[in-house]
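Chemist: coordinates only, sequence not included:
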Ligand SMILES: Cc1ncc(C[n+]2csc(CCOP(=O)(O)OP(=O)(O)O)c2C)c(N)n1
Ligand SMILES: [Mg+2]
C-alpha cells in the first residue's frame, strides 16, 4: 500500500476491519458500537460488513460487557470490548482487575484471557469530572493487564493490530482529543515490535518521557526549546505495560536529566512510577532530580479554562525544561 | 399494582393542571435556550441533554414531592431541577461553565445541583445517582423526618445492576424511596426493545417487592396522580417504581442528529407532546384563554432569555479556583503542580 492520509480514528477503524477480515473469531462488544457506529465513530459501519453477530450492541451494563468479553476470550473468541469512557473503568474493575487480570495466574497457567478492552480518556471536550479523566494508573497498577496508549496515527493502527495478537488482556486507551488528528502514513511499513517505545527526537540536554496526547505537547515544546538552543530527547512509551525501560536508561545515562510528562493526576500516577524508576536505576547519572509534569491532583472541571489549567500544556513543559537545563533560575 | 384502570378525565380535579402546565412550559423554554446557548458557542461543551418531550415526568412527579424531600437525577435532569425550584439563571450559568453557576463552573449541565433544594446531584454516570436515594431513605428514617428520596433516571439505566441492588435494599428495608424511570424509548441510539427482552419495566420492581406502575407521559395529570399515590406509599415505607413513557424529541446530545431512527417515527413521537397536550386541555376545559396562555408564553420566554443574557455576561471562574473544594474548606488545598516543580527546581 502507499502513503495515505488518515485520522487517528480512521486508523483504529482500519485496524479493527483488517483484524475482523483476517480472523472470523474477532467480535466487538459494547454500547453503541453497532448501529450507532461508536460514540466516537471508531466502529462506524462495521456492523454493515460484519453483521450484528460480530458487532454486538449491548445494554448499558459495563461490568457485564467486560465480564462477557472475559468469558468469550476463555471460550475461544477474540473479543474487543469497548468502554465508552475510561471513567467507567471503576464500574468494571472487578471483571477487569479480579477476573481478567488474574485468571491465568490463579488457575496455574491453564488458560489466558486474550481480550482487548478499547476505551478513551483525557481532557479536551468540556466533558466534566466524570468524562475527562486519565485513569491509566489504575490499569498499570494491576499486574496481569497490558496497557497500550497510542499517540500517533500509525501507532493507533499498529498497536491495536498487535494488541489483537497478544495472549493476555490488553487495555487500549485512546485519547479523545486525538481522534481527528491526521497523519500521512504507510501502514505497510513494518511497525516497531509490541512493547517497544519510540525515540521521537534526540537531543543532548534532557530526556522527556511521555505517552498519548502529551507527546504532541512535548514535541511542540521541544521545537520551541530547539529554537533557543536546548535539545531534548523525547521518548514515547507507546505501551505502559510492557514498559520498555532500556531506551530510557540509555538516554538518561547519556544526558543526565529527565522529565516525565503525563496527563494523569500527579500523585501515585504513571509519572510517579516512571520518575521513581529513573531515580532508582539511573541515580549515579542524574544531575538533577527527575521532574514530573503531570495533571493536577484535582477532578476535571467543565469550565474550559479550569479544564485546560488542570493538565500539562506546552508552556509548562517548555518552562520546566528551560529551568532544568539553564541551571535552575528561581521562579 | 399495575396501570390503574378506568380513569375518567372529567372526574379529575382540574386545579392542578395550570400549575403543571406552567412548570412544563418553563422547562420547554429553558431547554430551548440551552440549545441556543450551544449554537451561540456559549455553552461549556456539547454534552447537553435536553429533556424536551419528557416535561411531564418532571412536573408530575415533582408536584408530589415536598420541601425537604431529596432527589438525584441523571444527565438529562434540567427539567426535574427546574420543577423542584431551581433558578434558571444560575442553572444556565452552570451550563455555560461560569463562576456564577450553581457549581461555579465545575459541574456543568451534567452535574448541576443545589443541596438547599434537596438536589443530591445530577450524574454523568448512567445509574450513578440511584443508590444514593437508598442512603437518603435510611437517613430519613433514622431522623424520623418523614421525607422521601427520589431517583430520576432514564430507561438506559435499567441496564445497570446497581438499580436492582438499590431497589432490593429499599424493599427489604422498607425505605421511603421512589425510583422514577423516564422511559424516552432510547439510550443514545439504542431503542428500549433493543436493550431488553422485557420492556415492561415496572415488572422488575414488582419482583423485588416494590410498588410499580407505568404511566403515559403524554398526560401530566396521570403522571401526577400516580406519583402522588406512590409517594404517599413511600412515605409510609412502601418504596415504589414509576416508569413514565415518553419520547426523546431530539438527539441524545447536541451533536446527535439521530440517524438511527426514521422521520416517521420521530414525527409520531413528537406528537406525544405533553406540553401541547396540557395546553389543549386547558383551553378545552376553559381553564385558560388563548390570551392568558400567550401572556404566560411571553413571561416565561422573557425569564429564560434573561437567563441567557445573564450567562453570557458572567465571568469564567478564576484559574486559582480549580484547587478549591477538592476537600473541605478547612483543609489545605492540593499543591499545584507548578508550585511543586518550583520547589524541586529551586533546591540545590
Ligand atoms: C456508566 C455509563 N455508561 C455509558 C454512558 C454513556 N451514556 C451517556 S447517556 C447514555 C444513554 C442513557 O440513556 P437513558 O438512561 O435512557 O437516558 P436518556 O439519555 O435517554 O435520558 C449513555 C450510554 C455513561 N454516561 N455512563
Ligand atoms: Mg432514555
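Modeler: Arrived safely. Owing to the predicted nature of the structure, the values given are computational and were not obtained by experimental measurement. Ligands and ions are numbered 1, 2, ... in the order given.
Chemist: Name all residues that make contact with residue 308.
Modeler: I'll assume chain A. residue A:123 (Cβ atoms under 8 Å, 6 or more residues apart in numbering or on different chains). Backbone N, C-alpha and C define where each C-beta goes, glycine included.
Chemist: my question was about chain B
Modeler: Going by Cβ under 8 Å, 6+ apart, residue B:308 touches B:33, B:36, B:37, B:42, B:92.
Chemist: Within the helices and strands, which one has it?
Modeler: Assessed by DSSP states H and E, residue B:308 sits inside helix B:290-313.
Chemist: helices or strands up against whichever helix or strand comes after that helix?
Modeler: Using DSSP H and E, the helix or strand that follows helix B:290-313 in sequence is helix B:337-346. Applying 3 or more Cβ pairs under 8 Å, 6 or more residues apart in numbering or on different chains; DSSP states H and E, we find helix B:337-346 packed against strand A:291-295, helix A:314-325.
Chemist: Tabulate these (a markdown table), appending distance to ligand 2.
Modeler: Shown next, in a markdown table, are those (distance: least, Cβ to the ion, whole Å):
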| stretch | distance to ligand 2 |
| --- | --- |
| strand A:291-295 | 33 |
| helix A:314-325 | 40 |
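Chemist: What angle do helix A:314-325 and whatever helix or strand residue A:225 lives in make with each other?
Modeler: Element membership for residue A:225, per DSSP H and E: helix A:214-227. Interaxial angle of helix A:214-227 relative to helix A:314-325 (axes from the mean of the first three to the mean of the last three Cα atoms, to 10 degrees): 50 degrees.
Chemist: Now do the strands in the stretch 51-200 of chain A.
Modeler: A:55-57, A:78-83, A:116-121, A:146-148, A:170-175, A:182-185, A:198-201 (DSSP state E, counting those that start in this stretch).
Chemist: Tell me which residue in the stretch 51-200 of chain A sits closest to ligand 2.
Modeler: Closest residue of the stretch 51-200 of chain A to ligand 2, Cβ to the ion: residue A:60 (9.6 Å).
Chemist: Test my guess that that residue contacts residue B:195.
Modeler: Yes. With contact defined as Cβ atoms under 8 Å, residue A:60 reaches residue B:195; the gap is 7.4 Å.
Chemist: Which residues are in contact with each of these two?
Modeler: Between them, residue A:60 and residue B:195 share the contacting residues B:156, B:159, B:187, judged by Cβ under 8 Å, 6+ apart.
Chemist: what's the closest non-adjacent residue to residue B:301?
Modeler: Leaving aside its sequence neighbours, residue B:301 sits nearest to residue B:29 (Cβ to Cβ, 6 or more residues apart in numbering or on different chains; 5.7 Å).
Chemist: Average pLDDT for whatever helix or strand that neighbour lives in, rounded please.
Modeler: Secondary structure assigned from DSSP H and E places residue B:29 in helix B:16-39. Mean per-residue pLDDT for helix B:16-39: 98.
Chemist: quick one: buried residues of the longest strand along chain A?
Modeler: Counting residues, the longest strand found in chain A (DSSP state E) is strand A:258-265. Using 16 or more other Cβ atoms under 10 Å in any protein chain shown as the test for burial, strand A:258-265 gives A:258, A:259, A:260, A:261, A:262, A:263, A:264, A:265.
Chemist: can you list the residues of the stretch 201-348 of chain B near chain A?
Modeler: B:260, B:316-317, B:319, B:321-323, B:326, B:334-338, B:340-342, B:344-348 (Cβ under 8 Å from any Cβ of the partner chain).
Chemist: if you set the cut-off to 10 Å instead, what comes out?
Modeler: Neighbours of chain A within the stretch 201-348 of chain B, by Cβ under 10 Å from any Cβ of the partner chain: B:252-253, B:256, B:258-261, B:315-327, B:333-348.
Chemist: Partner strands of the longest strand of chain A and their direction?
Modeler: Sheet pairing here is set by DSSP bridges, and for strand A:258-265 it gives strand A:206-210 (parallel), strand A:291-295 (parallel).
Chemist: for residue B:190, which residues make a bridge with it?
Modeler: With DSSP bridges as the rule, residue B:190 is bridged to residue B:187.
Chemist: if you compare the helices and strands packed on helix B:337-346, which one is most tucked away?
Modeler: Among the helices and strands packed on helix B:337-346, ranked by average contacts under mean count of other Cβ atoms under 10 Å in any protein chain shown, first place goes to strand A:291-295 (a mean of 25).
Chemist: which ones are touching the closest residue to ligand 2 within the stretch 1-150 of chain B?
Modeler: Across the stretch 1-150 of chain B, no residue is closer to ligand 2 than residue B:76, which sits at 7.6 Å (Cβ to the ion). For residue B:76, the contact set (Cβ atoms under 10 Å, 6 or more residues apart in numbering or on different chains) comprises B:31, B:48-52, B:54, B:57-58, B:109-110, B:122, B:152-154, B:156, B:182, B:184, B:248, B:252-253.
Chemist: related to what we said a few turns ago, determine the angle, from 0 to 180 degrees, between the helix holding residue B:308 and helix B:16-39.
Modeler: 40 degrees.
Chemist: quick check: mean pLDDT across helix B:290-313?
Modeler: The model assigns helix B:290-313 a mean pLDDT of 98.
Chemist: Tell me if I am right that residue B:218 is in a strand.
Modeler: No. Going by DSSP: H, G, I helix; E, B strand; the rest coil, the assignment for residue B:218 is coil, not a strand.
Chemist: list the contacts for the residue positioned nearest the centre of chain B?
Modeler: Chain B has residue B:77 as the residue nearest its centroid, 2.7 Å off, counting by Cα atoms, centre = their mean. Residue B:77 makes contact with B:49, B:51, B:58, B:71, B:84, B:109-113, B:119, B:121-123, B:129, B:152-154, B:182, according to Cβ under 10 Å, 6+ apart.
Chemist: Can I get the buried residues of strand A:258-265 in CSV including pLDDT and distance to ligand 1?
Modeler: Shown next, in CSV, are the buried residues of strand A:258-265 (pLDDT from 0 to 100; distance: Cβ to the nearest ligand atom, whole Å):
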residue, pLDDT, distance to ligand 1
A:258, 98, 38
A:259, 98, 35
A:260, 98, 31
A:261, 99, 29
A:262, 98, 25
A:263, 98, 20
A:264, 98, 20
A:265, 98, 21
